[in-house]
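Asker: Fold the following.
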Amino acid sequence: MATVTVEDMERSVASGEAVQKQLGADLSAFIGEKEDFDGIVSANLKSLRSTNGKLKYQQGILEASLEAELKSSPSKKRALGGSTEIPTLLVQEPTYAFSFLRQASNLFAIAIAKTFPGVECEPMVSKNTAKVGKGGKGAAKTEPASYQCNVAMALHKKLKSTPMEMKSPRDVAMAIIKNLPSHPMISKCEAGGPGFINIHIDKKFASEQLSHILTSGVLPPSEKKKTVVVDFSSPNIAKDMHVGHLRSTIIGECIARLLEFVGHKVHRINHVGDWGTQFGMLIAHLKDKYPDYATKAPPISNLQEFYKDSKVRFDADEDFKARAYNEVVQLQKFEPEVTKAWKLICDRSREEFQKIYNRLDITIKEQGESFYQTRMLKIVEDMEAMGVLSDCPDGTPRKLLWPFGEPKEGDVPLTIKKQDGGFTYDTSDMATLRYRVEELKADWIVYVVDKGQSTHFDLIFGASQRLKIYDPSKVRIDHVGFGVVLGTDKKRLKSRSGETVKLKELLDYGVVKSEEFRQERLKTRESRNQVSPVLTEAEIKEANEALAYSCIKYTDLSYNRIKDYIFDFDKMISEKGNTAVYLINAYARIKQVFQQEEVKALDLEKVRQGVELVPADCTESHWKLAQHLLRFPEIIEQFLVDLLPSNLCDYVYELASTYHEFYEHNFIIRRKDGGKVDLPRLFISEATEKVLGKCFQIIGLRVVDKM
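Answerer: Residues are numbered from 1 along each chain as shown. Presented below is the predicted three-dimensional model:
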């Protein structure tokens, strides 16, 4: 079922008002002529009154729904009652992409402030969702607007019973248009329907912006530069990375790439579990099994099994458990021999983690729990000095911190000190956050951790504000939560033995399925008498891995991260629908255009000069493609707000679909005309290839020369 937005409600209410007005006129006309058309009038009058009554009832429901939506949605509240500060217009900068949506919003904010002084309001400018007809020969007679300002309805309601009240939302729209500053990006603005303002982008200005892509590359929108920490992946030492680490690793990498693209200084942090009681049993087991570990590297090929063996001994052998606890004490004192054993175990795990990171093109710096040991001591000392720690109500010798001050019924505390005086994950996370704010000087911290940890982070962030570790008005903190990966049975993805699937095994499975897909494609091409490229074994391996990992990453990112999703590789590798394969095919199609002899014969740099990528008489599908390309900066801006990779995936999928449509309806090489190359179509194809490539880079899709 389609989502009903505030704008949809406003349209319905306004439409209802317009229909009612016309019905009223019709009623008056019929009643005035009642004597001459008595029989007809009685039937029509009854019908009109019934219809009018229904419309009034529907309008009442819509207005109530609209009011409820505005009360519940902070973003819509801001749209109707936000800051009165008038924004400045964007200036075209050679190092940044021009954001049409941001500039249009600024223009309308200025117009609204001038038209209705003192009225707190933000513009409601968005992409026009009216469908564009299929491309064909010739330009469209009436082209849909590129953007739409939907604020008139809201303003009309807000201005009622004030000196600035106007008769209808359409009158409000017309008044705003009258005061709209001129700008070369806009060819015209017009009021449509009951009061929507349709914004038409100037094709010449659009051509200039697309030309920048060809000459300067795909640039980010202008953003104030920040220091950002992205905390993601976070496996545990001595344990295999499993499917549970997949989403954090992929989503975190994507967000880090996005932030680096816009120019932020990004710290990519791997907060691994490399400290705690479990290391006592691992070290004790290491000493027993490999007593010469200090001089000869132990041949531990499977750390997971090593961990399980030590856990069995820890649970069954009291003497071993006592030795394990003693090893923990010695580790906390940084005793050299014990520390060496700990480092050996950590190094072995890092080697296995790095193999996964290399396969998925992940760049990350380890900064695990052990890094914060001395900082935990300091933050606990500070808490004790501040007098914020409380005794445990049940009498156990634990120290608690109530995140929001004096506890109320139902409040949950953080445990800062355990019974034995040791520290907890709560202590570690508090020390970690303070380090990032005070020492790294982070302006923004992003935790990419499953949504099941949302309550924990609420407590950590609340406690940090209470202790004045961070000020929300100065430092932005986001918990980027996500759902779980399910099997085709819609349960958590498990192996046949019922265990959690190892990430290595999942990636291996993807490579096998990619090879099966390749073989099927070869058979299909042979049946069509098509020549397939000859690949070496190394090229086949590279192609299969690139396709497998791209399919896995894209599928994960294409779903709203908050939701669970089903891991089905057969669907992931489909050539139809929103898949990595579909996107790669669009990219390959453009590459093939530039491999044609007619194009290779051109001096592209020379013939590009003076070409308008969007001619005034271009086809509908050509203009549709151009407008979609121009939306890239606003998609990036929205991504920075909501940190939802799925929105970027939706954009790139629509871009690929739009290009396929453009390609089907527009000859780039006119072979019937002696192989003449249509330069605007060729170069808008090049711009599409560059934007697709940038999206691939942010998402993490890998395309090799021979697929």
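
Asker: so where's this protein uncertain?
Answerer: 1-92, 130-142, 705-707 (pLDDT under 70).

Asker: So E253 sits against I356, correct?
Answerer: No. Contact criterion CB atoms under 8 Å: E253 and I356 do not qualify, at 11.8 Å. Where C-beta positions appear, they are placed from N, C-alpha and C, glycine not excepted.

Asker: quick one, which of these two is more surrounded?
Answerer: Taking other CB atoms under 10 Å, E253 and I356 do not tie; E253 has more neighbours (27 against 21).

Asker: what's in contact with stretch 633-642?
Answerer: Contacts to stretch 633-642, defined as CB atoms under 8 Å, 6 or more residues apart in numbering, come from residues 97-102, 220-221, 223, 258-259, 261-262, 645, 647-648, 651.

Asker: Can I get the buried part of the residues you listed as one PyMOL selection?
Answerer: To isolate the buried members of those in PyMOL, using 16 or more other CB atoms under 10 Å:
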select buried, resi 97+98+99+100+101+102+220+221+258+259+261+262+645+647+648+651
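
Asker: Could you give the number of residues near the closest residue in space to K311 that isn't next to it in sequence?
Answerer: Distances taken as CB to CB, 6 or more residues apart in numbering place M281 nearest to K311, at 6.6 Å, with adjacent residues excluded. Using other CB under 10 Å, M281 is surrounded by 26 other residues.

Asker: And M281, how far from K468?
Answerer: The gap separating M281 from K468 is 39 Å, by CB to CB, to the nearest Å.

Asker: what's the neighbour count on the closest residue to F116 other than its chain neighbours?
Answerer: Nearest residue to F116, sequence neighbours excluded (CB to CB, 6+ apart): M164, at 5.6 Å. Residues near M164, counting by other CB under 10 Å, number 15.

Asker: Same question for V501.
Answerer: As a burial measure, V501 scores 21 neighbours (other CB under 10 Å).

Asker: Buried residues, stretch 222-229. List them.
Answerer: Neighbour counts over stretch 222-229 (16+ other CB under 10 Å) mark 222, 226-229 as buried.

Asker: Extract the CA atoms of it and return them as PDB.
Answerer: What follows is stretch 222-229, C-alpha atoms only, in PDB (Å, rounded to 0.1, in the frame of the first residue of the first chain):
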ATOM      1  CA  SER A 222      29.000  21.900  -0.300                       C
ATOM      2  CA  GLU A 223      29.200  20.800   3.300                       C
ATOM      3  CA  LYS A 224      30.900  22.300   6.400                       C
ATOM      4  CA  LYS A 225      33.900  20.000   7.100                       C
ATOM      5  CA  LYS A 226      33.800  17.900  10.300                       C
ATOM      6  CA  THR A 227      35.800  15.300  12.200                       C
ATOM      7  CA  VAL A 228      33.700  12.100  12.200                       C
ATOM      8  CA  VAL A 229      34.100   8.800  14.000                       C
END
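
Asker: contacts for that stretch?
Answerer: Contact with stretch 222-229 is made by 90, 93, 96, 99, 259, 262-267, 269, 436, 440-446, 640, as judged by CB under 8 Å, 6+ apart.
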